[in-house]
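Novice: need a structure here:
(chains A and B)
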Amino acid sequence: MVTSIIHTGVQQWGCLALSNLATNNAYNTIAIAAAGGIGVVVTSMTVHPSHTGVQEMGCGAL
Amino acid sequence: MKAHSGKVMLRHGCQALANLAANADNGIAIAAAGGIGVVVTSTKVHPSHTGVQKMGCWALRSLAYNADNMIAIAPQGGIGVVVLAMKAHAGQEALQITGCKALSNLAANVNNRIEIAAAGGIGVVVCEMQA
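Specialist: Down below sits the predicted model:
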């Protein structure tokens, strides 16, 4: 995690994509977890504590 | 756009459709005129050109604000081209953001969520966030 993680844009909109994909879809929630999606959302929120967009979309995803 | 296959032409064509589709009525009119298929074809013609790919994703994202368009985009190959664009252009921040936005809008439809996952959309988003 050395490049994209510092770019809030990819993190913010990636979180939104994962959030929408997980909505009312049990298979996707499992698939996202299996792909490492939970960890990447938590890392993103940890790295960008003051970025409203990342925090909002990250919370939505989790 | 149907008659010309040049990269610049298709890039600007997709950009124009993306901007026009920001208006709700235009989104419906573009779809009725066959615009979804034109955008998908344009992105397939130049898979290695970042500009065409980004604008194609942007156009599909704008068109997918409309619920009927969300449904129409999937069978025309729109989900696949967005995922392929993101896979082929890893690290291209602007394209990745646009791709994530397109997948977000398309995922508002229940069936599209399944299609996006089947096309590898979950993996490509997670990989890009981790990269």
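Novice: ok, residue 51 - contacts?
Specialist: Here I'm looking at chain A. A:8, A:11-12 (CB atoms under 8 Å, 6 or more residues apart in numbering or on different chains). C-beta here means a position set from N, CA and C on the backbone, and glycine is covered the same way.
Novice: the intended chain is chain B.
Specialist: Here B:G51 is in contact with B:7, B:11 (CB under 8 Å, 6+ apart).
Novice: any idea which element it lies in?
Specialist: helix B:50-63 (DSSP states H and E).
Novice: helix or strand next in line after that helix, which one?
Specialist: That would be, after helix B:50-63 and using DSSP H and E, helix B:67-73.
Novice: for that next one, output the C-alpha coordinates as CSV.
Specialist: This file holds the C-alpha atoms of helix B:67-73, laid out as CSV (Å, rounded to 0.1, in the frame of the first residue of the first chain):
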residue,chain,number,x,y,z
ALA,B,67,-32.8,3.4,-13.8
ASP,B,68,-33.7,2.1,-17.3
ASN,B,69,-30.3,2.9,-18.6
MET,B,70,-28.7,0.9,-15.7
ILE,B,71,-30.7,-2.1,-17.0
ALA,B,72,-29.8,-1.5,-20.6
ILE,B,73,-26.1,-1.0,-20.1
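Novice: what's next to that helix, contact-wise?
Specialist: Residues contacting helix B:67-73 (CB under 8 Å, 6+ apart): B:27-28, B:31, B:36, B:40, B:60, B:63-64, B:79, B:105-106, B:108-109, B:111-112.
Novice: ranking those by neighbours, who comes first?
Specialist: Counting neighbours by other CB atoms under 10 Å in any protein chain shown, B:L60 leads the contacts of helix B:67-73 with 33 neighbours.
Novice: that one and A:Q55: what is the separation?
Specialist: Distance, B:L60 to A:Q55, by CB to CB, to the nearest Å: 27 Å.
Novice: list the contacts of stretch B:98-110.
Specialist: In this structure, residues lying in contact with stretch B:98-110 by CB under 8 Å, 6+ apart are A:10, A:13-14, A:16-17, A:19-21, A:23-25, B:54, B:57-58, B:60-61, B:64-65, B:67, B:70-71, B:73-74, B:78-79, B:82-83, B:85-86, B:112-113, B:116, B:121, B:124-125, B:128.
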